[in-house]
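Asker: following is a predicted model, sequence given first.
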Amino acid sequence: MKVLACFDSFKESMSAKSAGEAVQRALDDDVEIIPLADGGEGTLEALSDGLKGTYYQVEVTSPNFKHVMARYMVAGEFAVIECAQACGLDLLEEDEKNALHTTSLGVGEMIVDAFHHGARRFMITLGGSATNDGGIGMLTALGIRFLDGHHQPVSPSAQGLGKITAIDRSHYLFRNEEVSFIAACDVENPLLGNNGATYIFGPQKGLKEECLETIDQDMAHYASLSEQELGKCYRDIPGTGAAGGLGYAIVSYLGGRLEKGFEIVSKMVHLDDAISKADVIVTGEGSTDRQTGVLMHAKRYSKPVVVFAGKVKDAAMLKEAGFQEVICINEEKKDLALMLKEGPINLERAVRRYFHENR
């Protein structure tokens, strides 16, 4: 029997590849591993085997204007950049999380470094950011200047959005270069309003409830000036609210496009081809609820899909959607830290038991 193991990451417990290796240890069957990701953290690793690119590390500005070593990959002219490497929420201590003061500057610095290593096509993943700066940090690193009433650069953070009075694109790094951008994201939120970047994602990034209206108004001010400068309205495009407005900056200023992260990754790793050759597909992640990307692809070939997850929400709904079985790998409630540590062992045990009972 040929088994395809195509997991997303189990966050702090194990990577997508490590989960696949647990399946290999559990079974004597032919197991192919294809790590997956939805455009957030883990996308870099998911694509590394297929693209066979070169990893680079560069010191960039962290979300709180300090320094962090960020990792990205270049394969030929194609670069994969995770925004979370430079401005991720997990780079901050709990008391440092305040998206009024954080910046995406480091993402732009990663792009510049990748450009100097030959990249001309960029895929930027937008999951896990600590920022709400509308992308002005990233754009500042690329040479675009956002100026206040005294013709001085504003802070490249949410705090600077409402102070912008002029935008200068004359020093944009890629003015005379043939470059292209794809933003991989798994949300459809627009830039502004009750369903936008600030109101939906701001609170988890440390924005206080009483500040949301003002910050959203400042973001709208930035969008209005940008659209006067660019001659087109982008604010309502689904996904422009991703990563605190990084999606907006990529679509508007960089002429990029937004795509579903899972679909981009699945094409690059040739998921459909692997599914067509498998007898059964095993998948899962740290917490499984409505993540049915693998299932949709497997249905094209009438292949059974079994889910193994650290936490399962509404197993009945998932089975109704078409999964053959939905299994929680944690059999009893334990301390979270212990469950995370035991994740690979628990996954291996659950896979072995399921296939032993269902031969």
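Answerer: Structure's in. What do you need?

Asker: which strand or helix spans the closest residue to Ala86 other than its chain neighbours?
Answerer: Excluding the flanking residues, the one nearest Ala86 by C-beta to C-beta, 6 or more residues apart in numbering is Gly106, at 3.0 Å. Glycine gets a C-beta too; all of them are placed from N, C-alpha and C. Assigned by DSSP states H and E, Gly106 belongs to helix 105-116.

Asker: tell me the helix or strand right after that helix.
Answerer: strand 121-125.

Asker: could you list every helix and strand in contact with the following helix or strand past that following strand?
Answerer: Using DSSP H and E, the helix or strand that directly follows strand 121-125 along the chain is helix 136-141. Contact here means 3 or more C-beta pairs under 8 Å, 6 or more residues apart in numbering; DSSP states H and E; on that basis helix 136-141 packs against helix 105-116, strand 145-147, helix 246-252.

Asker: which outside residues touch the longest one?
Answerer: Here helix 105-116 makes contact (C-beta atoms under 8 Å, 6 or more residues apart in numbering) with 56, 58, 60-63, 65, 68, 70, 72, 74, 79, 81, 83, 85-87, 122, 124, 137-142, 156, 173-174, 177, 179, 246.

Asker: among the residues you listed, which ones are buried?
Answerer: 56, 58, 60-63, 68, 70, 72, 74, 79, 81, 83, 85-87, 122, 124, 137-142, 156, 174, 179, 246 (16 or more other C-beta atoms under 10 Å).

Asker: quick revisit: list the buried residues in the helix holding Gly106.
Answerer: 105-115.

Asker: report the inter-axis angle for it versus strand 121-125.
Answerer: If you take axes from the mean of the first three to the mean of the last three C-alpha atoms, to 10 degrees, helix 105-116 sits at 150 degrees to strand 121-125.

Asker: what's the average pLDDT for helix 105-116?
Answerer: Averaging pLDDT along helix 105-116 yields 98.

Asker: next one: stretch 210-218
Answerer: Rounded mean pLDDT across stretch 210-218 is 97.

Asker: same check, this time on stretch 346-359
Answerer: The model assigns stretch 346-359 a mean pLDDT of 89.

Asker: gap between the longest helix anywhere in the chain and the chain center?
Answerer: Using DSSP state H to assign secondary structure, the helix with the most residues in the chain is helix 212-230. Its chain's C-alpha centre and that of helix 212-230 lie 24 Å apart, by C-alpha atoms, centre = their mean, to the nearest Å.
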